[in-house]
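[1] model this:
(one chain, ligands or ions: 2)
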Amino acid sequence: MNRLTQEERGHYDREGYVLVRGLLDYECDIRPVWDEYAGVLDRLAAELYEAGEIESLYEDLDFSDRTVACYRDSGRVLAQYFDCSLPQAGTAVDSPIWVGPEVFRSLSNPVLLDVVEDLIGPEVYTNPVQHIRIKPPQSILPESQRDPQTGSKGGFEAGVTPWHQDNGVVQANADETNMLTVWYPLTRATVEMGCLKIIPRSHKSGVLHHCRTVSGLAIPDPMLQLEDAIAVPMEPGDVMFLTRRTCHSSLPNVSDELRVSFDIRYSPVGEPTGREVFPGFVARSRSNPERELRDPDVWAQSWYEARERLSVKNWEHYNRWRVNDGVCA
Ligand SMILES: O=C(O)CCC(=O)C(=O)O
Ligand SMILES: [Fe+2]
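    Ligands and ions are numbered 1, 2, ... in the order given. Next up is the predicted model:
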């Protein structure tokens, strides 16, 4: 059992986050995921090579260098091929998504769920706001990713993530949902590699205004206590738990390696997820364990069905913030 200490729980309530170092075991919890993603990359490289988009299959390179080579040669952001969620708009029947069994096992990992249970209670639903983030070095990202306002290359799929609350990224129907964000790196996440930044104690003042920017939804700087912000370098095995209102962002990856992380979310069973067009599942139910989903294929199928539905009727399914918002001008 990996229960939080009272001190850790107190820290979460007071500061809006708790960082548990070494919670996951590399061999048990992280290596199997890497093995699965190596296959994803293998198939992607074959597809790109076949289409003449990359110069070589780059089979001798490790995951980081091989992915970087694919981005560089193709001039494309390829994050969606790895992601365990659908694109924010324009979903097609064949939009890439990776919902493999090791991703399912990661979402259902009892080591994580023990802590999640401590924070949101014994009936746990996977909130479908979930991603693997493949964050390549800024230097190889296409110019189209550059944000004219900040000069950095950004966007959820690629680089710098601007200041936001995860609550701001879901629909308002989930404002009172006790959604918990779980963030952990699969590679190192140093300052140079673009680790997370957070503002401790920023979770007490409700949902802040978010503006649409090239890099994604962003809370305007004047609304933030930026002088309190801290960078949080993390190693594989470390896990960060954040409240839905805790303001956070991430730095640019100025290294020459890939930064890879999972950010997954959980909410109490029955509370709105704020992205109802996407599927989730009961990961833990102490009252009725039979409700827990155990079959990775059923989960994968639920995403394929969502993709099918969205390819027919696509709508802006979870952005509550207006284009041309006066507050953001
Ligand atoms: O991984 C990042 O760079 C940003 C992550 C984030 O905003 C989140 O996990 O909610
Ligand atoms: Fe976030």
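[2] can you list contacts of stretch 6-13?
    Residues outside stretch 6-13 that contact it (CB atoms under 8 Å, 6 or more residues apart in numbering): 4, 17-18, 20, 118-119, 241, 243. To be clear about C-beta, it is placed using only N, CA and C from the backbone, and glycine gets the same treatment.
[3] state the pair within the residues you listed that is farthest apart.
    Greatest spatial distance in the contacts of stretch 6-13: 20 and 243, 15.0 Å, computed using CB to CB.
[4] can you give me the strands in the stretch 151-300 of the chain?
    In the stretch 151-300 of the chain, strands defined by DSSP state E, counting those that start in this stretch lie at 161-164, 180-185, 196-198, 211-213, 216-218, 230-232, 239-243, 248-250, 259-268, 282-285, listed in chain order.
[5] mind putting these in CSV, mean neighbour count included?
    CSV is the format used below for the strands of the stretch 151-300 of the chain (neighbours: other CB atoms under 10 Å):
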stretch, mean neighbour count
strand 161-164, 23
strand 180-185, 24
strand 196-198, 22
strand 211-213, 17
strand 216-218, 23
strand 230-232, 14
strand 239-243, 25
strand 248-250, 24
strand 259-268, 24
strand 282-285, 20
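[6] make a markdown table out of the ones you listed and add distance to ligand 1.
    Converted to a markdown table, the strands of the stretch 151-300 of the chain look like this (distance: least, CB to the nearest ligand atom, whole Å):
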| stretch | distance to ligand 1 |
| --- | --- |
| strand 161-164 | 4 |
| strand 180-185 | 5 |
| strand 196-198 | 6 |
| strand 211-213 | 14 |
| strand 216-218 | 9 |
| strand 230-232 | 11 |
| strand 239-243 | 7 |
| strand 248-250 | 3 |
| strand 259-268 | 3 |
| strand 282-285 | 18 |
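[7] right, and the ones you listed - which one's nearest residue 99?
    Each of the strands of the stretch 151-300 of the chain was checked against residue 99 via CB to CB, and the shortest separation belongs to strand 259-268, namely 12.6 Å.
[8] which helices and strands does that closest one pack with?
    helix 101-107, helix 110-120, strand 123-135, strand 180-185 (3 or more CB pairs under 8 Å, 6 or more residues apart in numbering; DSSP states H and E).
[9] okay, now the unreliable bits of this protein?
    Low-confidence regions of the chain, defined by pLDDT under 70, span residues 1, 153-158, 315-318.
[10] thinking again about what came up before, of the helices and strands packed on strand 259-268, which is nearest residue 162?
    If you check each of the helices and strands packed on strand 259-268 against residue 162 by CB to CB, strand 123-135 wins as the nearest, at 13.9 Å.
[11] by contact count, what packs against the closest one?
    Using 3+ CB pairs under 8 Å, 6+ apart, strand 123-135 sits against helix 101-107, helix 110-120, strand 259-268, strand 282-285.
[12] mind checking which of those is nearest residue 249?
    Taking CB to CB as the criterion, residue 249 comes closest to strand 259-268 out of the helices and strands packed on strand 123-135, the separation being 12.7 Å.
[13] any chance of the helices and strands packed on strand 123-135 in a markdown table with distance to residue 136 as columns?
    A markdown table is the format used below for the helices and strands packed on strand 123-135 (distance: least, CB to CB, whole Å):
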| stretch | distance to residue 136 |
| --- | --- |
| helix 101-107 | 20 |
| helix 110-120 | 26 |
| strand 259-268 | 8 |
| strand 282-285 | 30 |
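[14] with residue 128 as the reference, name the closest of these.
    Across the helices and strands packed on strand 123-135, residue 128 has its closest neighbour in strand 259-268 (8.1 Å, CB to CB).
[15] and that closest one, which strands flank it?
    For strand 259-268, the paired strands and their directions (DSSP bridges) are strand 123-135 (antiparallel), strand 180-185 (antiparallel).
[16] relative to helix 110-120, how tilted is the first one?
    Inter-element angle recorded for strand 123-135 and helix 110-120: 120 degrees (by axes from the mean of the first three to the mean of the last three CA atoms, to 10 degrees).
[17] and strand 123-135, how far out from the chain middle?
    For strand 123-135, the distance from its own C-alpha centre to the chain's C-alpha centre is 6 Å (CA atoms, centre = their mean, to the nearest Å).
[18] same question for stretch 31-40.
    Per CA atoms, centre = their mean, the centroid offset for stretch 31-40 relative to its chain is 17 Å.
[19] for it, which positions count as buried?
    Along stretch 31-40, these residues count as buried under the neighbour rule (16 or more other CB atoms under 10 Å): 33, 36-37, 40.
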